[in-house]
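Chemist: Here you go, sequence then predicted model.
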Amino acid sequence: MSESSKSYTVHMIANAHIDPVWLWPEEEGREVVLATCRAMVKMLGRYPEFTFVRSSAATYRWIEEDDPKLFAEISRYIKEGRWEVVGGWWVQPDCNLPCGESFVRHALYGKGYFEEKFGVDVKVGYNVDSFGHCATLPQILKKCGIDYYIFFRPDPKEKELPQLFWWEAPDGTRVLACRPPLHYGFGPNVEDIRPRILEAYRQTVDGLKDVLCFYGVGDHGGGPTEEHVRQVGKADSSPDFPRVVFGNLEAFFEKVKDEREFPVVRDELQHHARGCYTSVSLIKYLNRSTEHLLMTAERFSSVAFRYLGLPYPGEALSEAWRTLLFHQFHDLLDGTAIRPAYRRARERLWGVRTVAHEALQRAIRCVASHLKLSSEGTPLLVFNPSPWRRKDLVEAKVPLSYLPKVIKLSDPDGNDLPVQLLGVEDEGGKYLVQVLFVAEVPGLGYRLYTLSEGEPVGEGMEASPTCLRNLWYELKVDPETGAIGELYMGARRTFSGPAGVLQVLDDPSDAWAHGVDSFEGVCGTFLREGDVRVVERGPVRATVRTKARFGGSWLLQDISLYNDLPRVEVRLEVDWHERHRMARLVFPLAVSDPTFTCEVPYGSVSRTPTGEEEPGLRWADITGRAGDGTFGMSLVNDRKYGYSARGPELRLSVLRSPIYGFHDPRRKEGDVRYRYMDQGLHGLRYVLLPHNGSWREAGTVRLAWELNEPLIPLPPLGGGKDLGPEGGFLEVKPGNVIPSVLKKAEDGDELVLRLYETSGRATEAELCLPQEGRSYRIRMGPYEIKTLKLPSDLPPREVDMLERG
């Protein structure tokens, strides 16, 4: 070691990574947090130079609730600058699968907690154990007041990256990111950390004199031992070592950020544990559907608060969000925890849904109570949760005092519309009539329809067991699999072979799918059993139903076309009993030179279609050349996250069945009972949207929002006179700008609106508030996420995602 080594500084970052739930239940994780933090407080008392970092607001709240004295001691060390609060989020979540708004709420509630309790404005993002990081995160981080980002996965073998770099989002926003050398922690048997210090020193970035070195026992807590702390002091005083200091992450970033030019990375930070995009199907469905239910409840609660004076259920919704965010913790949402953890997660998430549903019902019933009703027929009110005018499907159950032989539907202007009678149920002497129709409803608004006895309009659609046809498509059923055999959009052939076929693949990997980049070992296909039946042939929808089997597993599939909606819809029910296997849907597009695009949080990314498994949210798309033009297809779904594409074949991963919590290189032992994931019944609804041109012109993004936030039918209460039979409260144009959030501000009575641009072009959006007779022009940059406050008497003003400014 040369004399000049003392001009270098190794910043020792003491941490104790704690998975609040993983291979242990939450109760144990809570005890581990308390025990570890008590030990670190004692260490801070004994060693005046020692410093410690910790993230995750949820765990600080555990301490506040369970040990107020410990909480006060931590607060004192935070004020002294020796206990550094990092992360600023509620937990360390999966950083691919939550929606964009969930990441905003992690910061809103996490940073808000730290500001309230400790007066700290956290600047360092910290997700050291998350399994990958979506490309749009830098914009979200920066607009939440986070300037720096620490991560460790993917590791250097999984993705080559600079140690320090400017991480740039698609809109151009940057944060300074660091993947430190080595790892964030080590096992309980590591006694000598001096070799670790030297290795970190050897990996110092050219042009810098400072480097990070994390140390401390982790996963199940622990942190540094007293011997580790003493070794840091000895290393610093040794002439054979660089300068070694007890470090602080924010101070490190502040020191190095201007010392040299750092490379720019314009990319997502992937991949680690690709099987996690698909495991624990029900938890992933509950995550997706609960996110949308909370956002829907907030929008209509905002409407009822602003225009009708209904108190806004702010604390109830905020606490519901916090519970959802906790269950986005990476090991929980990703499917790597033990089975009992998921029983509790299901209970908690259903509880969140109950809170959100009650808030939504209270708000829309408040609106319904202000409507003036006609005395003719049976009224049916339809609410649109989307802040744009929308034409979409409604399925409703309407109580009637009579058994209708024929039924008709009228809009507020007296026009008769096609309606399809799906069935009638008895309900305590009344008749619960299930109807299906297509409604057109103003943005974030409602429209009143009327049901009455009478001859319906429209004729049954063209349908047979082998073919469905409407104005846009001709669909033929594949006789071998019962899936889609052929699909034509006009004269254009969509697929090069059967599509929507459910393949089965061998998947001998562990819960993470460690070491797996793509799932390719096809061992069979669900094959049709029994006849194909036409189960619906009305004026609104035609449906064929098929059954298929693989081994001991069954598939029930309904394939539908609509008379007045340009889409193909498929509803699946899978009774799955395979082990160490994956189920996957395949769609071979009839195009060349394909582009593969997936939705990511508040954006999208294009990827090379090499067959590798990729994370995505509600939609994926393949677009390529067909004939002399551009043609493609978007696949939109209501609960899945794992996609792949090999050439022009788009694939959606549906189910995986590894053993719960099983990590390579463990091997199964005899006479031990193992529990396999995703056994039993599962549902899936997806829509295929063939299109000329690209997904941007096809309306894919808005369709994804609509599929996951259906129109809401409600028998109106009546008795009011304030509102007419049709009205909207918010509309945003054009279609490439998505208004995702409308909520009451955390402080004050203003509303907060969040928008994001989806197609990569600068746009002047129109924001219309019809009930106030106001509209505004809002400039949106390419891929920009913008947050506005909407006062009741002034123009909108831009704020950051924490509603500051």
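Modeler: The structure has been received and is ready for your questions.
Chemist: what's Arg202 sitting at in phi/psi?
Modeler: phi -60, psi -20 (degrees, to the nearest 10).
Chemist: That one and Pro181, how far apart?
Modeler: Separation of Arg202 from Pro181 (Cβ to Cβ, to the nearest Å): 8 Å. Quick note: C-beta positions are derived from backbone N, CA and C, even for glycine.
Chemist: Which residue of those two possesses the greater neighbour count?
Modeler: Pro181 (21 against 10; other Cβ atoms under 10 Å).
Chemist: helix or strand for the more buried one, which one?
Modeler: Using DSSP states H and E, Pro181 sits in no helix or strand.
Chemist: In this structure Thr278 contacts Tyr643, no?
Modeler: No - the criterion here is Cβ atoms under 8 Å, and Thr278 misses it with Tyr643 at 9.7 Å.
Chemist: what's the overlap in contacts for these two?
Modeler: Ser653 (Cβ atoms under 8 Å, 6 or more residues apart in numbering).
Chemist: Mind splitting this structure into its structural domains?
Modeler: By the assignment in automatic domain parsing, the chain contains the domains 3-272, 276-358, 378-455, 468-665+674-708, 730-805.
Chemist: Which one of these lies nearest to Gly724?
Modeler: domain 378-455 (7.9 Å; Cβ to Cβ).
Chemist: tell me what the strand or helix carrying Asp621 is packed against?
Modeler: Using DSSP H and E, Asp621 falls within strand 619-626. Contacts defined by 3 or more Cβ pairs under 8 Å, 6 or more residues apart in numbering; DSSP states H and E place strand 619-626 against strand 592-600, strand 629-637, strand 642-646, strand 649-656, helix 695-698, helix 700-708.
Chemist: How far away from the center of its chain is the first one?
Modeler: Per Cα atoms, centre = their mean, to the nearest Å, the displacement of strand 592-600 from the mean C-alpha position of its chain is 19 Å.
Chemist: What average pLDDT does that strand get?
Modeler: Model confidence over strand 592-600, given as mean pLDDT, is 99.
Chemist: hmm, back to that, can the domains of the chain go into JSON lines with extra columns for distance to Leu714?
Modeler: Listed next are these as JSON lines, based on distance: least, Cβ to Cβ, whole Å:
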{"stretch": "domain 3-272", "distance to Leu714": "25"}
{"stretch": "domain 276-358", "distance to Leu714": "11"}
{"stretch": "domain 378-455", "distance to Leu714": "5"}
{"stretch": "domain 468-665+674-708", "distance to Leu714": "18"}
{"stretch": "domain 730-805", "distance to Leu714": "19"}
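Chemist: So His292 lies in a helix, does it not?
Modeler: Yes - under DSSP: H, G, I helix; E, B strand; the rest coil, His292 sits within a helix.
Chemist: ok, it to Pro795 distance?
Modeler: Taking Cβ to Cβ, one finds His292 at 29 Å from Pro795.
Chemist: Kindly report the same for Ser401.
Modeler: 50 Å.
Chemist: can you map out the helices along this structure?
Modeler: Taking DSSP state H, the helices of the chain run over residues 26-46, 57-66, 68-80, 100-118, 137-143, 194-202, 226-237, 249-256, 281-308, 314-326, 330-334, 339-369, 695-698, 700-708.
Chemist: Between those, which one is closest to Arg533.
Modeler: So among the helices of the chain, helix 700-708 is nearest, using Cβ to Cβ, at 25.1 Å.
Chemist: quick one: that closest one to strand 619-626, angle?
Modeler: 140 degrees (axes from the mean of the first three to the mean of the last three Cα atoms, to 10 degrees).
Chemist: Not counting its own residues, what contacts helix 700-708?
Modeler: 288-289, 292, 386, 388, 390, 392, 567, 599, 604, 617-619, 621, 634, 636-638, 685, 687, 689, 691, 695, 735-736, 738, 740, 758.
Chemist: Format the helices of the chain as JSON lines; extra columns: mean pLDDT.
Modeler: Below are the helices of the chain laid out as JSON lines (pLDDT from 0 to 100):
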{"stretch": "helix 26-46", "mean pLDDT": "97"}
{"stretch": "helix 57-66", "mean pLDDT": "99"}
{"stretch": "helix 68-80", "mean pLDDT": "99"}
{"stretch": "helix 100-118", "mean pLDDT": "99"}
{"stretch": "helix 137-143", "mean pLDDT": "99"}
{"stretch": "helix 194-202", "mean pLDDT": "94"}
{"stretch": "helix 226-237", "mean pLDDT": "91"}
{"stretch": "helix 249-256", "mean pLDDT": "98"}
{"stretch": "helix 281-308", "mean pLDDT": "99"}
{"stretch": "helix 314-326", "mean pLDDT": "99"}
{"stretch": "helix 330-334", "mean pLDDT": "98"}
{"stretch": "helix 339-369", "mean pLDDT": "98"}
{"stretch": "helix 695-698", "mean pLDDT": "98"}
{"stretch": "helix 700-708", "mean pLDDT": "99"}
